[in-house]
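Asks: Quick check, what structure comes out for this input:
(one chain, ligands or ions: 1)
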Amino acid sequence: MKKHNFSAGPCILPESVLKQASEAVLNFDNLDLSLIEISHRSKNVVAVMDEAQVLVKDLLNLPEGYSALFLQGGASLEFLMVPYNLMKQGGKAAYLETGAWAKKARQEAEAFGDVVVVGNSSDKNYNYIPKGYEVPSDADYFHSTSNNTIYGTQMKSFPETGNALNVCDMSSDIFSRQLDFSKFDLIYAGAQKNMGPAGTTLVVVKDEILGKTGRNIPTMLDYNTHIAKESMFNTPPVFAFYVSMLTLRWLKENGGIDWIEGINNQKADLLYGEIDRNPLFVGTAATEDRSNMNACFLLNDETKKDRFEQMLKDGGINGLNGHRSVGGYRASMYNALPLSSVEALVEIMREFERTA
Ligand SMILES: *Cc1c(COP(=O)(O)O)cnc(C)c1O
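Replies: The predicted structure follows:
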């Protein structure tokens, strides 16, 4: 039996994608060569990069004027590339601090200029999204984190940012729900949460916002370098963007974000319904801010822990441990997780109640 993979990241990918990826490692495009042993400048690999970029813009329904880049260094490198490329000399940036990743992003920006934290939910271990804040009109940009992977909270709405550019870390929910993506000037996402293997980071950026800081930016950290060379300034992470492209193709062929959002809603409704109904469990995130990607919950009675965890193991449930800063359990329900896996988890939770 294949396991039900609730891992928070790296995470589950569609089975058909894994199959195609493994075939390409042995024999790519019937070239009788492996995908990972040929030049990234070969026509077939360049075609993969081109298709990946087209799929990103198509799925996000972006107008002209955006570039889609596949970079390295993880979302964590974007924490510093964003201020490097967008904060003016002596400038100012606004950050919404909704979790450990948001905090790390904010800390990197502090090396570049003045940083204002417009909202911060650390007082309650980031279990809610701050509301009612305003983005200062003199900020160069506003930075938010759309889904807080560790705490299971998700932004359901985004503020108007006025003159400030709108920047978002969407690492753990990009391509999972419809948003007006054209309202953002820069979006970034590590591939390994909802798109592909670790090793590449998607950056979607509006071209016209770049080159305006007056800073001297090191070549590799300058988005314009990568735009000019179509993400092939140096050797790109070929396998990582190939698998990401296959996942995006899978998404598009099945009906795009509208299709997956419906399934993601069903999965989240089913699991949160059970967490709220079952007296043995309690959710940790504020109800109105609950994430459809990562559902965090605790046992009401810790003495039953061993029995519950044995049942999870027997039921083939993988990756349900909560992050060490929250404890308990975290069910990550990224795009490729089938509804049947959530049904299997919920059945175990019911059985646990019946036999407690
Ligand atoms: C995992 C994660 C990161 C860090 O990603 P890396 O690619 O490991 O650097 C940043 N932001 C969010 C929201 C994440 O979930």
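
Asks: So the residue nearest to Arg41 when sequence neighbours are not counted versus Ser171, what's the distance?
Replies: Nearest non-adjacent residue to Arg41, counting by C-beta to C-beta, 6 or more residues apart in numbering: Met232, 7.2 Å away. Placement of C-beta: from N, CA and C, glycine included. As defined by C-beta to C-beta, to the nearest Å, Met232 lies at a distance of 23 Å from Ser171.

Asks: The two: who's more crowded?
Replies: Ser171 (27 against 15; other C-beta atoms under 10 Å).

Asks: That one reaches Ile187, doesn't it?
Replies: No. Contact status for Ser171 versus Ile187: not in contact, 9.8 Å apart, counting by C-beta atoms under 8 Å.

Asks: which residues touch the residue nearest to Arg41?
Replies: Shown in contact with Met232 (C-beta atoms under 8 Å, 6 or more residues apart in numbering): His40, Arg41, Val46, Met49.

Asks: Also Leu13?
Replies: So Leu13 contacts Gly196, Pro197, Val243, Thr247, Ala336 (C-beta under 8 Å, 6+ apart).

Asks: Closest one of the residues you listed to Pro83?
Replies: Nearest to Pro83 out of these is Gly196 (C-beta to C-beta; 26.1 Å).

Asks: Quick check, the closest one in contact with Ser244.
Replies: Yes. Gly196 is within contact range of Ser244, at 3.4 Å (criterion: C-beta under 8 Å).

Asks: residues shared between the contacts of these two?
Replies: With C-beta under 8 Å, 6+ apart as the test, Gly196 and Ser244 reach no residue in common.

Asks: For the protein, what lies in contact range of the ligand?
Replies: Gly9, Gly74, Ala75, Ser76, Trp101, Thr145, Thr149, Asp169, Ser171, Ser172, Gly190, Lys193 (C-beta under 6 Å from any ligand atom).

Asks: can you list the domains in the protein?
Replies: 15-253, 256-354 (automatic domain parsing).

Asks: Need the ones you listed in CSV (columns: mean pLDDT).
Replies: Listed next are the domains of the chain as CSV, based on pLDDT from 0 to 100:
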stretch, mean pLDDT
domain 15-253, 97
domain 256-354, 97
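
Asks: what about Ala331, which SS state?
Replies: Secondary structure for Ala331, judged by DSSP: H, G, I helix; E, B strand; the rest coil, is strand.

Asks: so who does it touch?
Replies: Phe6, Leu271, Asn294, Ala295, Phe297, Leu320, Val342, Leu345.

Asks: can you give me the strands for the stretch 201-350 of the chain?
Replies: Counting by DSSP state E, counting those that start in this stretch, one finds strands in the stretch 201-350 of the chain at the ranges 201-206, 281-283, 294-299, 317-318, 329-332.

Asks: related to what we said a few turns ago, Serialize the domains of the chain to CSV and add fields for distance to Lys2.
Replies: Below are the domains of the chain laid out as CSV (distance: least, C-beta to C-beta, whole Å):
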stretch, distance to Lys2
domain 15-253, 8
domain 256-354, 8
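
Asks: Of those domains, flag the one that's most buried.
Replies: Looking across these with neighbours counted as mean count of other C-beta atoms under 10 Å, the highest average goes to domain 15-253: a mean of 19.

Asks: Distance check, the most far-flung residue of the chain relative to its centre against Asp276.
Replies: Residue farthest from the centre of the chain, counting by C-alpha atoms, centre = their mean, is Thr355 at 36.9 Å. The gap separating Thr355 from Asp276 is 20 Å, by C-beta to C-beta.

Asks: And for Met220?
Replies: Following C-beta to C-beta, the distance that separates Met220 from Asp276 is 48 Å.

Asks: ok, now Glu15?
Replies: Distance from Glu15 to Asp276, by C-beta to C-beta: 31 Å.

Asks: Repeat that for Val326.
Replies: In terms of C-beta to C-beta, Val326 sits 18 Å off from Asp276.

Asks: Over to Ala336?
Replies: 26 Å.

Asks: again, but for Ser22
Replies: Taking C-beta to C-beta, one finds Ser22 at 40 Å from Asp276.

Asks: go on, Arg307?
Replies: Taking C-beta to C-beta, one finds Arg307 at 22 Å from Asp276.

Asks: ditto for Arg324
Replies: 25 Å.

Asks: pLDDT score assigned to the nearest residue to Ser332 once chain neighbours are set aside?
Replies: Of all residues not flanking Ser332 in the chain, Ala8 sits nearest, at 4.4 Å (C-beta to C-beta, 6+ apart). Ala8 is assigned 97 on the pLDDT scale.

Asks: can you point me to the longest helix in this structure?
Replies: Longest helix in the chain, counting residues (DSSP state H): helix 256-277.

Asks: what's that helix packed up against?
Replies: Packing partners of helix 256-277 (3 or more C-beta pairs under 8 Å, 6 or more residues apart in numbering; DSSP states H and E): helix 238-254, strand 281-283, strand 294-299, helix 339-354.

Asks: what separates it from the chain centre, distance-wise?
Replies: 17 Å (C-alpha atoms, centre = their mean, to the nearest Å).

Asks: Next, the angle from it to strand 294-299.
Replies: Helix 256-277 runs at 10 degrees relative to strand 294-299, counting by axes from the mean of the first three to the mean of the last three C-alpha atoms, to 10 degrees.

Asks: Contacts for helix 256-277, please.
Replies: By C-beta under 8 Å, 6+ apart, the list of residues contacting helix 256-277 reads 59-60, 175-178, 251, 254, 281-283, 290-293, 295, 297, 331, 333, 335, 337, 339, 342-343, 345-346, 349-350.
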